[in-house]
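Enquirer: with the input below, show me the fold.
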Amino acid sequence: MTTQQPTATSAPKDGSGAETLTVVDNRTGQSYELPITDGTIRATDLRQIKVDEDDFGLMTYDPAFMNTASCRSEVTYLDGDRGILRYRGYPIEQLAEKSTFLEVAYLLVYGELPTADELEAWTHEITHHTFVHENVRSFMQGFRYDAHPMGMLQASVGALSTFYPEAKDIHDEENRRLQIVRLIAKMPTLGAWAFRHTTGKPFVYPDNRLSYSANFLAMLNTMSGRYEPDPRLERALDVLFILHADHEQNCSTSAVRSVGSSQVDPYSAVAAGISALYGPLHGGANEQVLRMLRRIGTTENIPAFIEGVKGGKERLMGFGHRVYKNFDPRATIIKKACDDVFEVTGVNPLLSIAVELEKIALGDDYFVTRKLYPNVDFYSGLIYEALGMPVEMFTVLFAIGRTPGWVAQWREMLMDTEQKISRPRQVYVGAGERDYVELSGR
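Expert: Residues are numbered from 1 along each chain as shown. Here you go, the predicted structure:
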């Protein structure tokens with residue numbers, strides 16, 4: 001007999017006003033009514049659907065969590081179909097234009113924009129936690145001269161848990177707050193020191209008279225005396241950090257939440273996020289864009305490249321997104337930041353190729369019908385390169401900007417009474433029970 005699977009139909013609201021889903025299991029003929037809340041059903045409600053009492057119950061199979069919500073969150077709203085990104089309800093366009101990175105960090109962590117006094121206290125506290133223990137300096141100097149900066153950042157952030165053992169007391173609100181401040185404050189120092197190590201330059205200590213982004217630029221570039229960054233570069237970097245501050249339940253944020261669900265300290269959880277970001281499918285897209293632009297070489301070669309993309313011989317990097325099926329709102333903002341940066345550094349010759357490539361692609365039905373629009377990575381690499389960053393540092397800058405989002409999501413996860421230790425189910429498709437065969441008999 002052919003086994004039929006359950007079918008589901010949407011049911012009208014019942015008398016209580018709650019929406020429900022009616023599921024009919026064609027294997028047994030039994031009907032089930034599942035509550036719908038915020039457009040979702042609970043996966044555990046499917047467990048009641050069984051063929052007999054020994055049956056485990058129905059599960060969902062969803063590789064890569066393409067249609068599974070792992071949490072309820074108030075941090076970031078993302079509508080990929082309409083090209084909307086909001087932090088705590090505030091449109092990313094308004095925050096990038098009017099806010100600062102530290103103000104956005106406060107918003108992500110605490111849910112509201114700070115008052116003037118709150119922002120002053122927050123900025124002061126983060127500024128005065130930028131220094132790291134001298135043993136961290138020795139730790140980082142122990143890496144090979146050619147160590148990848150992301151590997152150094154990952155290891156040094158994880159190592160901070162040994163310098164602050166009290167961080168394990170994650171249920172104390174004041175202790176959590178202090179670790180959040182430390183992570184946001186020390187990330188630029190660790191990132192800059194990773195850069196200085198790989199370029200063979202002496203480490204530069206933080207300069208507390210400077211803003212968050214200006215201080216990072218100073219730790220990267222100071223050789224002698226005091227470094228005074230151009231305000232346009234300082235602002236452009238601040239905007240880049242804002243654009244990367246959070247992006248809903250992406251791979252690295254999911255890693256932070258998953259590892260954090262074991263109730264480990266926040267440094268270890270954030271180190272897991274850095275590990276996820278290290279992967280080329282997550283944090284390395286802007287590097288691939290630069291390689292593509294260099295391979296194209298000149299604007300005259302763009303038509304042939306476009307035809308190569310259509311024929312499956314080339315890949316158009318920096319276009320399209322796993323979530324955005326419309327334009328990426330961050331791409332428009334970052335394109336404007338390019339203009340500000342190049343006023344200071346001079347125009348990157350790759351910019352003309354990028355602009356022309358974008359123009360041609362957006363005028364071609366092949367890409368428009370597939371909803372392939374420029375994403376945040378299309379122009380960010382050009383800015384990082386203009387700031388003097390080698391490609392190995394691109395993801396480090398991403399991680400610095402993403403830290404407030406990681407700690408905000410971590411904090412929210414800890415305060416969610418429904419959250420338990422992350423433990424996905426699996427669909428076992430391996431061998432059945434087998435008897436052990438002695439070595440001599442194999």
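
Enquirer: show me this structure divided up by domain.
Expert: The chain breaks down by automatic domain parsing into domains covering 7-61, 71-417.

Enquirer: and those as JSON lines, adding mean pLDDT, distance to Q426 and mean neighbour count?
Expert: Quick note: C-beta positions are derived from backbone N, CA and C, even for glycine. Converted to JSON lines, the domains of the chain look like this (pLDDT from 0 to 100; distance: least, C-beta to C-beta, whole Å; neighbours: other C-beta atoms under 10 Å):
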{"stretch": "domain 7-61", "mean pLDDT": "85", "distance to Q426": "9", "mean neighbour count": "12"}
{"stretch": "domain 71-417", "mean pLDDT": "93", "distance to Q426": "15", "mean neighbour count": "19"}
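
Enquirer: which among those domains is found nearest to Y428?
Expert: Y428 sits nearest to domain 7-61 of all the domains of the chain, at 10.7 Å, using C-beta to C-beta.

Enquirer: mind checking how far that closest one is from the chain centre?
Expert: 33 Å (C-alpha atoms, centre = their mean, to the nearest Å).

Enquirer: next one: stretch 330-350
Expert: Between the centre of stretch 330-350 and the centre of its chain there are 22 Å (C-alpha atoms, centre = their mean).

Enquirer: run through who's touching it.
Expert: Applying C-beta atoms under 8 Å, 6 or more residues apart in numbering, the external contacts of stretch 330-350 come out as 85, 92-93, 96, 230, 232-233, 235-236, 239-240, 243, 290, 293-294, 351, 373-376, 378-380, 382-383, 385-387.

Enquirer: recalculate using a threshold of 6 Å.
Expert: Contact with stretch 330-350 is made by 96, 230, 232-233, 236, 239, 243, 293, 374-376, 379-380, 382-383, 386, as judged by C-beta atoms under 6 Å, 6 or more residues apart in numbering.

Enquirer: now the domains of the chain in TSV, with distance to R423?
Expert: Converted to TSV, these look like this (distance: least, C-beta to C-beta, whole Å):
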stretch	distance to R423
domain 7-61	13
domain 71-417	9
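
Enquirer: G401 falls within a helix, correct?
Expert: Yes - under DSSP: H, G, I helix; E, B strand; the rest coil, G401 falls within a helix.

Enquirer: distance between the longest helix seen in the chain and the chain's centre?
Expert: Assignment by DSSP state H gives helix 173-198 as the longest helix of the chain. Relative to its chain's centre, helix 173-198 lies at 17 Å (C-alpha atoms, centre = their mean).

Enquirer: and after that helix, which helix or strand comes next?
Expert: Next helix or strand after helix 173-198 toward the C-terminus (DSSP states H and E): helix 212-221.

Enquirer: returning to what we had before: if you compare the directions of the longest helix of the chain and helix 212-221, what angle comes out?
Expert: Between helix 173-198 and helix 212-221, the angle comes out at 30 degrees (axes from the mean of the first three to the mean of the last three C-alpha atoms, to 10 degrees).
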